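Novice: Fold the following, please.
(chains A, B, C and D)
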Number of protein chains: 4
Amino acid sequence: MPHEYLFFDDYSEGAHPRILEALATTNVQQERGYGTDSFTQEAERLVKEKINKPQAHVHFVPGGTHANLICLASMLQPFQSVIAAETGHINHHEAGAIEATGHKINLVSPTAGKLTAESVEKVVMEHAGEHAVQPRVVYISQATELGTVYRKNELEDLRHLCNQHNLLLYLDGARIGNALAAKRADLHMSDIADLCDAMYIGGTKNGALCGEAIILVNQDLQENFRSHLKQRGALLAKGRALGVQFMELFKDDLYMQNAMHANTAAQKLADGIHACGYTFVHEPETNQIFPIFPNTVIESLQQRFGFYTWASVDDTHSSVRLVTSWATPDRATEAFIERLNELSKK
Amino acid sequence: MPHEYLFFDDYSEGAHPRILEALATTNVQQERGYGTDSFTQEAERLVKEKINKPQAHVHFVPGGTHANLICLASMLQPFQSVIAAETGHINHHEAGAIEATGHKINLVSPTAGKLTAESVEKVVMEHAGEHAVQPRVVYISQATELGTVYRKNELEDLRHLCNQHNLLLYLDGARIGNALAAKRADLHMSDIADLCDAMYIGGTKNGALCGEAIILVNQDLQENFRSHLKQRGALLAKGRALGVQFMELFKDDLYMQNAMHANTAAQKLADGIHACGYTFVHEPETNQIFPIFPNTVIESLQQRFGFYTWASVDDTHSSVRLVTSWATPDRATEAFIERLNELSKK
Amino acid sequence: MPHEYLFFDDYSEGAHPRILEALATTNVQQERGYGTDSFTQEAERLVKEKINKPQAHVHFVPGGTHANLICLASMLQPFQSVIAAETGHINHHEAGAIEATGHKINLVSPTAGKLTAESVEKVVMEHAGEHAVQPRVVYISQATELGTVYRKNELEDLRHLCNQHNLLLYLDGARIGNALAAKRADLHMSDIADLCDAMYIGGTKNGALCGEAIILVNQDLQENFRSHLKQRGALLAKGRALGVQFMELFKDDLYMQNAMHANTAAQKLADGIHACGYTFVHEPETNQIFPIFPNTVIESLQQRFGFYTWASVDDTHSSVRLVTSWATPDRATEAFIERLNELSKK
Amino acid sequence: MPHEYLFFDDYSEGAHPRILEALATTNVQQERGYGTDSFTQEAERLVKEKINKPQAHVHFVPGGTHANLICLASMLQPFQSVIAAETGHINHHEAGAIEATGHKINLVSPTAGKLTAESVEKVVMEHAGEHAVQPRVVYISQATELGTVYRKNELEDLRHLCNQHNLLLYLDGARIGNALAAKRADLHMSDIADLCDAMYIGGTKNGALCGEAIILVNQDLQENFRSHLKQRGALLAKGRALGVQFMELFKDDLYMQNAMHANTAAQKLADGIHACGYTFVHEPETNQIFPIFPNTVIESLQQRFGFYTWASVDDTHSSVRLVTSWATPDRATEAFIERLNELSKK
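Specialist: Modelled structure (predicted):
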């Protein structure tokens, strides 16, 4: 029997209907290739407006690993490295993509998926001599791979440290919408752009068919970036396919609406789970939550719903990962909680 | 005044309407990520059926440069190189993408954009010693960057040479549809698959929104290919976005219909140009044609139509490149010829 | 005032006098270049005899980082990684040399500088999916960077694990002589060659002017290795300069005599330090020892002797690193202990 | 029967006796590692004095391919390329070493082994768009791989072109001594340093056991260069081994004496060959000469002397390459000419 609903990730559905409509509406108009079309230009304008950075450069690429490897390779000289959390996407989930561009990742044991200024400074201090790589970029994810969120003061601390040690701050925003829409969020998109040298805003995990928007805030990083894109295979001939999507996501509030829908669905799950008496590995903040269930409950739930068992907690309990999306219907969250209630009463 | 029609390339429009419909129809169905979805699986099946190679592996990537760099990097050991024509796309049009993966391109002066077995053998002979790179792959484009087409016997000669010298044959099929639909074509898709170790079938330039289908015919090349894709940023989370498009292109004859439409439009242009008394750099075969016009005529034409001036022929004449697509309307070709007639009568 | 003696490292002096004599004796004989000379061939023969591996391939390169990066790059496909201890030379002391060839190092927290089969297996288990790199080589140093030594059963355990998980075992033998000459050593050079797929025997740190002998035991690794050497700049035109040195080191027992001299000098230091009542971070085994002294004692010692303060132990004590070499004279060790005695009586 | 003398290359013998003496004299003195020793510092001072560039940075590496790949990789951003002659050492004789660092070589068909400003400018013009690599460095060899020499005005033309197009000029001086000692040479070492951004002075082919001196004249290229050296495996622990050699070569005129000896020996060969009525592919200028002989004569000569047949000239004649060195004795050149006379009289 197929699953009633999949909570595996936030890219199980296609695109938000408005994205498909925009692709259809713009379809016949002839445009120039490789991201020089009028739709892409309009999308760039809208993104820069949203982050309040008229001098920033914006580029669109098909996927997130692609965005990470191109940005980092463009920011680093051969002997320089990037500092990241062990849980960072670039460390364990990109098949060595960063190292394949020639650069080491200096790993830090994270706190709830996050780097602290102290932990980063320790890495810098340990790499003083010329026989070590030179750390140059700090990589963070917002929201993190564990669904947690950097607060404004945490980012400010990292920025301050970067300034002290001549480091660049790069933010992987695959789920930046979910971070900004978090209940206790104290940051706007423009605050993040103020604090980072470069970042990307994720489209794929927030309602686009594909596509991420790279933003180069630091003007020293802007020159020749299209050469990097071309060389790594990211300059699509029909760049319009990405431009149209971001034009639609940012021409009003669709991008944030999608993120809020996902977060709300996750919060409904979290509330229901909490009401059943279960706890979480990390306090739920965004659209990824990590409750702890008895293994028997997990097994039963997985007969009807798709989701990953995350890690063993003790002999009889494990944490699981539940992810909601811009498309998750109320009936799915309700059915999950209803079933959890049944299983928990036994 | 904007141009009446752009003959710059075959990726100026969006996607064939059936592609957009297919994306809409499949949109709400939840699927697993990274190309493991049912649509991608069906697309793989259809492509393998079309080339009559049940043992082949098929993978979808967003763009052509991406396909080339991943395939070639996966086929080469660090000290090995790829042989290509000076006009080959990987040489001059990919910003050093192949070299960025660590590999040299051994260049051959082409004949009408094509490699000959003799020219390839000469390169092999010149690289015998251990201080030279070892040529390992032969890269060809079908149709070529000049719109010309390899005949069956030419590919067979190259295949024979590859067998003699332990070389792999890789075919860049960004415009393979146009090659197969050429007037004097003597090859089927399956013939090409019989002769190559690996190839890609272009979607972007033949009606898809984006996407190319990599085909690994040689089974020695198949293992671990998804690791290469992931590492280079080509494994899209919503792989379905590519799978759905190729499912639509190959579920009946849409792929070849698109190519034939483009070729027919180019032929109409070529016939009209010929009727006006002009000649061509290369005999028109596919959807890229290279007529030679007086510079004054070119200047006048470019006021109404977009296209590239290619190369200077003499003090008063130049060649131009005209490209048609699956979407080129009759009115565009007719208007172009009509205007050319006017200009030629003066 | 200059230091009386430097215990910084084992490469502070030039070469063993017999090495210089051998270079002089062979100097006028004309030979072919790039390691095809008769001296290099004889050196290869002698090394293979010493390890009792007639089928092995032996190559000589100028330095140790060079040996590591070439061997590992030649053993790995692009998506594969090497497992190493955090203290491993390739991790922190080679300026990202391995990553610059495109490969990730998977780090393990070591036990006295050593990897255990369990810790390696854990890394393998954590890298099962296709979004992670594929661990393929296990890197170990013998002696380790902390002067400790793998016992035979420890290497056998690692070999067994490698066989189970299709891993290759690579041994950095920059100080292999010191490991084999360790007091409690239970391994011969041939035992190590039996257990490894590839390794290098260090010359620089054991009496050569420069040069390391790479040994490829596993025959699958042998083909085309000279192409790797050439491409990385390691194939010296006057390869004889390395061949002559290793011919001299291995034509009788000079290589092991040098190592034993260094170990004996370190043991004298260790005995004297112990007699003064001090302890060690790791039990002294080879020519690198790590005693713990009061900071005031360190300060006084460093006025007369050169050595590195290693790590802070508590507010008033630190560990230091003392390294002896094939050339360390008795008067140097005696003077050090005499001074330590004076300082300890106060 | 072994050959009476080898004219294969200029690295068939060991080192100039004074080099070996210097290594012996300095041998017992303890020094710090990795090129920070006093001998290396003195060698750096002497080289900078010779080129009259007190602000230059000097670094020593074991071999020439190593020097080339490190310098070029350090001068190029990922999307940038180096322009070189097809006959340039980096193109055909380094197993793809430059491409392995990620960079394309743009090839130019040379004139007598040399680049002209015109030929370089053509390459620059052809690489204007952002889909092409960006040429950034011009690579030349002095003397060239064909034994020819750039005149002062030729280098000035190249420098002027580099200034116009924001290019860097890099000179491979593996045989720079032979170029400076050429009969019609109009350049001093300091003139070359005035005109180049970076270069290396070859030791291996001019009397050293091994070693090349990299000179970074352009101050923008100096920072972090030791990190590049370390990462590529070129920072020898006993850096003194290279420093001592260059200290000896440059403390008086030994370097130029060696080169003059080699050139004189080649001139003797050339005169004798000319007297026998033979011609040359290129007018002999340095220690590599390329006479044209009947194939029967070549066959007979090769029974007594070692040298390479270079290229077929017609059905019965070929060019050969004869190379002399700092060590070539008069008896060798005389015996060769005597034998040639005998063979030519028949």
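Novice: Quick check: residues of the stretch 1-150 of chain A near chain C?
Specialist: Counting by C-beta under 8 Å from any C-beta of the partner chain, the stretch 1-150 of chain A comes close to chain C at A:78-79, A:81, A:92-96, A:99-105, A:107, A:126, A:130-133. Bear in mind the C-beta positions are built from the backbone N, C-alpha and C, glycine included.
Novice: contacting residues around the residue nearest to A:Gln257 when sequence neighbours are not counted?
Specialist: Closest residue in space to A:Gln257, ignoring its immediate chain neighbours: A:Trp326 at 7.9 Å, by C-beta to C-beta, 6 or more residues apart in numbering or on different chains. Listed by C-beta atoms under 8 Å, 6 or more residues apart in numbering or on different chains, the contact set of A:Trp326 reads A:10, A:13, A:16, A:206-207, A:257-259, A:261-262.
Novice: redo that, cut-off 6 Å
Specialist: Counting by C-beta atoms under 6 Å, 6 or more residues apart in numbering or on different chains, A:Trp326 makes contact with A:16, A:207, A:258, A:261-262.
Novice: which element is it on?
Specialist: For A:Trp326, there is no enclosing helix or strand under DSSP states H and E.
Novice: Looking at the residues of the stretch 1-150 of chain A next to chain C, which are in strands?
Specialist: Among those, the ones falling in strands (DSSP state E) are A:81, A:105, A:107.
Novice: Who wins on neighbours among these?
Specialist: Counting neighbours by other C-beta atoms under 10 Å in any protein chain shown, A:Ile105 comes out on top of those with 26 neighbours.
Novice: Next, the distance between the ends of stretch A:304-315.
Specialist: 24 Å (C-alpha to C-alpha, to the nearest Å).
Novice: where along the stretch 201-346 of chain A do the helices fall?
Specialist: With DSSP state H, counting those that start in this stretch as the criterion, the stretch 201-346 of chain A has helices at A:225-231, A:240-251, A:254-275, A:295-304, A:330-345.
Novice: give me the low-pLDDT residue ranges for chain A?
Specialist: For chain A, the stretches flagged by pLDDT under 70 are A:1, A:346.
Novice: Please enumerate the strands of it.
Specialist: A:5-6, A:57-61, A:80-85, A:105-108, A:134-141, A:168-173, A:198-202, A:212-216, A:288-289, A:292-294, A:305-306, A:308-312, A:317-323.
Novice: Which residue does the stretch 51-200 of chain A have closest to chain D?
Specialist: Closest to chain D within the stretch 51-200 of chain A is A:Phe79: 3.7 Å, counting by C-beta to the nearest C-beta.
Novice: OK, contacts around that residue?
Specialist: Applying C-beta under 6 Å, 6+ apart, we find A:Phe79 in contact with A:134, C:95, D:227, D:231.
Novice: which one of those residues is nearest chain B?
Specialist: Using C-beta to the nearest C-beta, these come closest to chain B at D:Gln231, 15.2 Å.
Novice: Please convert the buried members of the residues of the stretch 1-150 of chain A next to chain C into PyMOL selection syntax.
Specialist: Remark: buried members of these, expressed as a PyMOL selection using 16 or more other C-beta atoms under 10 Å in any protein chain shown:
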select buried, chain A and resi 78+79+81+92+93+94+95+96+99+100+101+102+103+104+105+107+130+131+132+133
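Novice: Among the residues of the stretch 1-150 of chain A next to chain C, which lie within helices?
Specialist: Of these, the ones assigned to helices by DSSP state H are A:92, A:99-100, A:126.
Novice: for the strands of chain A, which one sits closest to A:Phe336?
Specialist: A:Phe336 lies closest to strand A:305-306 among these, at 5.8 Å (C-beta to C-beta).
Novice: what's that closest one in contact with?
Specialist: Under C-beta under 6 Å, 6+ apart, the answer for strand A:305-306 is A:3, A:5-8, A:336.
Novice: Could you find the closest non-adjacent residue to the residue nearest in space to the middle of chain A?
Specialist: In chain A, the centroid-proximal residue (C-alpha atoms, centre = their mean) is A:Ala174; its distance is 2.1 Å. Ranked by C-beta to C-beta, 6+ apart and with sequence neighbours excluded, the top spatial neighbour of A:Ala174 is A:Gly202, at 3.8 Å.
Novice: Show me the beta-bridge partners of the one you found.
Specialist: A:Glu212 (DSSP bridges).
Novice: List the contacts of it.
Specialist: Contacts of A:Gly202 (C-beta under 6 Å, 6+ apart): A:173-174, A:212.
Novice: Likewise for A:Asp10?
Specialist: Each residue near A:Asp10 by C-beta under 6 Å, 6+ apart is listed here: A:205, A:323, A:325.
Novice: ditto for A:Tyr200
Specialist: Here A:Tyr200 is in contact with A:67, A:173, A:212, A:214 (C-beta under 6 Å, 6+ apart).
Novice: so which of the residues you listed comes closest to chain C?
Specialist: Nearest member of the contacts of A:Tyr200 to chain C, counting by C-beta to the nearest C-beta, is A:Ala67, at 15.9 Å.
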